[in-house]
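S.K.: with the input below, show me the fold.
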Amino acid sequence: MSKELVKKLLQQLDKNGDGKIDVNELKMFLDREKWPVSREKVLDFIKLYDRNQDEMLDLDELCTVLAE
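M.R.: Reported below is the predicted structural model:
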């Protein structure tokens with residue numbers, strides 16, 4: 001997936017406009033897509049790719065997620 005497409009995805013998921021996806025934004029997306037996952041599991045997933053340990057996924061971190 002190109003970085004430009006990942007950027008568009010990030011913009012769609014980023015509800016507060018801070019340029020990152022937090023646990024609540026990712027959980028809302030998963031709930032909307034009928035993928036019931038606990039908030040704790042969503043946070044655990046984010047932490048796997050969260051290089052700067054802010055408990056959010058930025059563009060580069062999201063690119064890493066989608067490249068795997």
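S.K.: what number of residues lie near the residue lying closest to Leu57 once chain neighbours are set aside?
M.R.: Distance criterion C-beta to C-beta, 6 or more residues apart in numbering; nearest residue to Leu57, sequence neighbours excluded, is Ile21 at 4.6 Å. From N, CA and C alone the C-beta is placed, and that goes for glycine too. Neighbour count of Ile21, defined by other C-beta atoms under 10 Å: 24.
S.K.: who touches Ile21 in this structure?
M.R.: Leu10, Leu13, Asp14, Ile46, Met56, Leu57, Leu62 (C-beta atoms under 8 Å, 6 or more residues apart in numbering).
S.K.: number of nearby residues for the third one?
M.R.: By the other C-beta under 10 Å criterion, the neighbourhood of Asp14 contains 19 residues.
S.K.: from Glu61, how far off is it?
M.R.: 13 Å (C-beta to C-beta, to the nearest Å).
S.K.: most centrally placed residue in the chain?
M.R.: Nearest to the geometric centre of the chain sits Ile21, at 4.4 Å (C-alpha atoms, centre = their mean).
S.K.: ok, and what's touching stretch 10-20?
M.R.: Under the criterion C-beta under 8 Å, 6+ apart, residues Ile21, Asp22, Glu25, Leu26, Met28, Phe29, Asp54, Met56, Leu57, Asp58, Leu59, Leu62 lie in contact with stretch 10-20.
S.K.: name the residues of it that are buried.
M.R.: For stretch 10-20, the neighbour count (16 or more other C-beta atoms under 10 Å) marks Leu10, Leu13, Asp14, Lys20 as buried.
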